[in-house]
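Asker: Structure, please.
(2 chains)
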Amino acid sequence: MKIRIDHIAKIEGHASFTADIVRGDIKGARVKIEEGARFFEGILRGREDEELPEIASRICGVCPVVHNLTGFKALENAYGLQIDETSILLRKLMMLGQLINSHALHLFFFSLADFFGFKTDLQLINVYPESTHDAIKVRDIGNKIVEIIGGRSVHPLTPSLGGLRKAPDSNKLKELLNDLKNNLELAIKLGELFTKLKYPEFYRETSYVSLYNLDEYAIYNGNINVGKLNLKPEEFLLLVNEFQGPDKVAKRTKFAAKTYMVGALARLHNNRENLNPQAKKLLEKSGLKFPCYNPFYNILAQAVEIVHCFEESIKLLELLTIGEIKISLPKASKRTGEGIGTIEAPRGTLFYSVKIKEGIIEDLNIITPTAQNLANLEGDLEEFEHIVGFKDLNREERADKIKMLIRAYDPCVTCSVH
Amino acid sequence: MNKKTEKPIIAILSLTCCEGCQVAIFDLGERFLEFLTKVNIGDFRLIEGLPDVSKYDIAIVEGTAITKEQQRRLKIIRNKSKILIAIGACACVGGPQEIKDYRGNKNRIIRRIYPNIRGIDNPNVKSVKEMVKVDLEIPGCPINKNEFFDLMSKVLESGEIPEIPQKPVCEECPRKNKNCLLLLGKPCLGPITLAGCGAPCPTSDFPCDGCRGPRKGINLLAIKNVLKVKARLKDKEIEMLFERFGEKNEFLKANKKI
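Answerer: So this is what the prediction gives:
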C-alpha cells in the first residue's frame, strides 16, 4: 500500500510525503520538498560582507532575526570583533522575541488543531476564542520585542557589524518590560494548555544537538552538545556530513553517520537546568521525563520555552532599563578571514560558515535546523508503524498522524531550501 | 440569500519565497482575526488543509514561480480568480533569487552548492506580472502590514482596485529635512523608490535599498551621479545595489525618457 500526502498544510513552505506500507511495515518514507531553490549560498559570493546578513535574512520570513544575527556573528568571528555587553543583551532580546513569535505561531496555529482533529484553524478559533486571543496576545509581545529593538518584526534593520547601528528608545523598553510582566501569567496559561494534551505514543532514540552554556539556557552562544559530547562549533562542523536529499533541492545532515534532532526538545535535553523558575515549574507540572525520545513532545518543549523566554526577556529588560543605553560600534581592522556563526533558531541550531577576502564574500555555507532535522524525521517516519494504535487506524487517520508528526518537528521548508 | 455566501472568497497563496509577507499578514494579530470574519477562506495553507475551491474572488500571491509545478499553478490561480494581488518584493520585482540572473553563468552558481544539479529547476526568475496579469501590486520586503490592511479594506469595501500614490520614500522619511542619509554619504535609494512602506529603514539608520521597486518617472542618471559623488560608489557597486531585490530591470523600465 502506498501512502501519499500531496500538500502538507500548516508548515512553513511546501512539502509532500510518500511511503510504502509492506505487510504493516513502513518503507521508503520520504518528505519531498516542493519549493524552488533560491541559491543564497551562490548569489552571495562576490558580494560585500555586510550584504550577507541582510540578504540571508530573506531565507526565512518566520525566523529572519536568527538568520540576520548568525550572518553577523560569522563575520564578527572571521574579523575577531568583540561586541559590547549591551549590544549582546539587545541581540539576545531580539532572539527571545523571535522564539516567542515563532513558537506561538507553530503551537497554536499549526499544531493545536491536530489534537482536536480539526482540519482548519477556523474551527479552532470558533471553538476556543479565548485561547485564540491569548495566543495572539503572546505572539504580539514577541513581535513587539523584535520591532522595538530591530526596527520591524520581519527582516530586522538595526543589527550591524560589531553590534547594533541604533539603540532602542529607553521609554519603549520600559513599556515592553511592563507588557511582559503583565502577560507572563498569560504565557503560563497558554503553556498549561499544552501540558494537558494527549501526545501520541511513539519512541525512537536519537541524539539531541543544541548550543550548551554552563551559565544560561543557551541561545546566543556556547559550544555544541551532541548527546554527551561537547564540541566547539568548528569541531562539530568537521564531523557533520551535509548531503543532498532524494528531492535534490534540500540537503540533509548526519553526525557520525547517524541522524540527530535539533530544536526545542533538544534544548530542553541539554539545558533544562538553566530554565527560568516558572518555565521549570511548568515542565515539572507536565510530568515530562528525560531522556524523552518522543518527538511529539517538541510541541510541549516549545510551550515551556515561551514561558522561559518571557522570564528571560524580563530579566534582560530589567538590566537594560536601569540607566541610559549606550552602545558602541567597533570597526573591523581587517576584513579578511574565515568565521563561523551559530545560534539557536526557534527550530534548532543554525550554522553559518564564511570566508571573506578584503570585504568580499568568497565562500559561504549555511546549515539550517530543518536541513538537520529532515533525516531524523524521515528516520522516525520509517519506524512509524510502531506508534501506539497504528494498525487500528484507517488510511486517512494514518495520514493525519503522519502529518501531525511532521508538524511536531515544526519544519521550515523555506529554510531547508536556501 | 444566506449572508455567509456574500462574503468574498479569498485565497492567500505562496510560491517560492521566505513567506515573510504571510507572516506580516499574521502579524496584524487581532486585525487579522477580524479580517477572517469578513471573508471566506478559499485557500490559506498556513491555517488550513481543506480541499481547494473552484473560484476565488481575490487571490493574494507572494513569491516567484520557480518550479514548473509553481508556474503551472500560477496560471491556474489566475484563471480561477477575479482579482489577483501580488504581494512582496519576490512577487512584484523578483526578490533576491533574481540576483543570479544578473551574475553571469547561473549554472556555475548552482554547481557550487549542489553536487548533483539534475532535477533542480533554475529558470530565469520572473515577477508574477511577467507571467500572468496582475490587478494590484503591494510591494516591499516584507510588505508593510498596515498598508496591506488599508488596501485590502478598500478592495473589500468597494470591489475597486486602489492605487498606491506615486511618491518617493523620501516623502515618508523622518530624516527628510535633517540628517538625510544620502547627503550623509550613505547609499540610500529613497528618492527613486515607491513610498507606502512608512520608511522603516531610514528610521532605523538603514539606507533604503529599493525593495519596493521604482516610483514612476525616476531619473536614474541623476541618482547614479549622487551615489557616485556622495556615497562614493563605483558603477559596479551601484549595479549590485539595484539588483538586491531583483528590481534592476524595473528601475530601467521606470527611468524617465529624456
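Asker: Next, give phi and psi for B:Y56.
Answerer: phi -120, psi 140 (degrees, to the nearest 10).
Asker: That one reaches B:S81, doesn't it?
Answerer: Yes. Under the criterion of Cβ atoms under 8 Å, B:Y56 is in contact with B:S81, at a separation of 4.4 Å. Glycine gets a C-beta too; all of them are placed from N, C-alpha and C.
Asker: So which residues of the stretch 101-250 of chain A form helices?
Answerer: A:112-116, A:121-127, A:129-150, A:170-195, A:233-239 (DSSP state H, counting those that start in this stretch).
Asker: Over to chain B?
Answerer: Along chain B, the segments classed as helices by DSSP state H run B:20-26, B:30-38, B:68-79, B:88-93, B:106-111, B:145-158, B:200-203, B:220-229, B:235-243, B:248-254.
Asker: And chain A, is the first one touching that?
Answerer: Yes. Applying Cβ under 8 Å from any Cβ of the partner chain, one finds that helix B:20-26 is in contact with chain A at B:20-24, B:26.
Asker: Leaving out sequence neighbours, find the closest residue to the residue of the stretch 151-258 of chain B found nearest chain A.
Answerer: Going by Cβ to the nearest Cβ, chain A is nearest to B:S204 of the stretch 151-258 of chain B, at 3.4 Å. Closest residue in space to B:S204, ignoring its immediate chain neighbours: A:G151 at 3.4 Å, by Cβ to Cβ, 6 or more residues apart in numbering or on different chains.
Asker: so A:Y352 makes contact with A:G341?
Answerer: Yes. Here A:Y352 reaches A:G341: they are 4.3 Å apart, a contact under Cβ under 8 Å.
Asker: For the helix or strand of chain B with the lowest mean pLDDT, which helices and strands make contact with it?
Answerer: When each helix and strand of chain B is scored by mean pLDDT, DSSP states H and E, helix B:106-111 comes last, with a mean of 84. If you count contacts as 3 or more Cβ pairs under 8 Å, 6 or more residues apart in numbering or on different chains; DSSP states H and E, helix B:106-111 packs onto helix A:40-43.
Asker: can you give me the mean pLDDT across the helix it packs on?
Answerer: Average pLDDT, helix A:40-43: 95.
Asker: How far does the helix or strand just after it sit from its chain's centre?
Answerer: On the C-terminal side of helix A:40-43, the closest following helix or strand by DSSP states H and E is helix A:51-56. Distance of helix A:51-56 from the chain centroid (Cα atoms, centre = their mean, to the nearest Å) equals 19 Å.
Asker: for helix A:51-56, what is the average pLDDT?
Answerer: 98.
Asker: Same question for stretch A:15-23.
Answerer: pLDDT averaged over stretch A:15-23 gives 92.
Asker: Which positions in that stretch come out as buried?
Answerer: Going by neighbour count (16 or more other Cβ atoms under 10 Å in any protein chain shown), the buried part of stretch A:15-23 is A:15, A:17, A:19, A:21.
Asker: Counting only strands, which of the residues you listed make the cut?
Answerer: Within the buried residues of stretch A:15-23, residues falling in strands by DSSP state E are A:15, A:17, A:19, A:21.
Asker: unless I'm mixing things up, the third one is touching A:I3, no?
Answerer: Right, A:A19. Yes. Assessed by Cβ under 8 Å, A:A19 is found in contact with A:I3 at 4.9 Å.
Asker: Need the residues touching each of those two.
Answerer: Residues touching both A:A19 and A:I3 (Cβ atoms under 8 Å, 6 or more residues apart in numbering or on different chains) are A:I26.
Asker: what's around A:E273, how many residues?
Answerer: 8 (other Cβ atoms under 10 Å in any protein chain shown).
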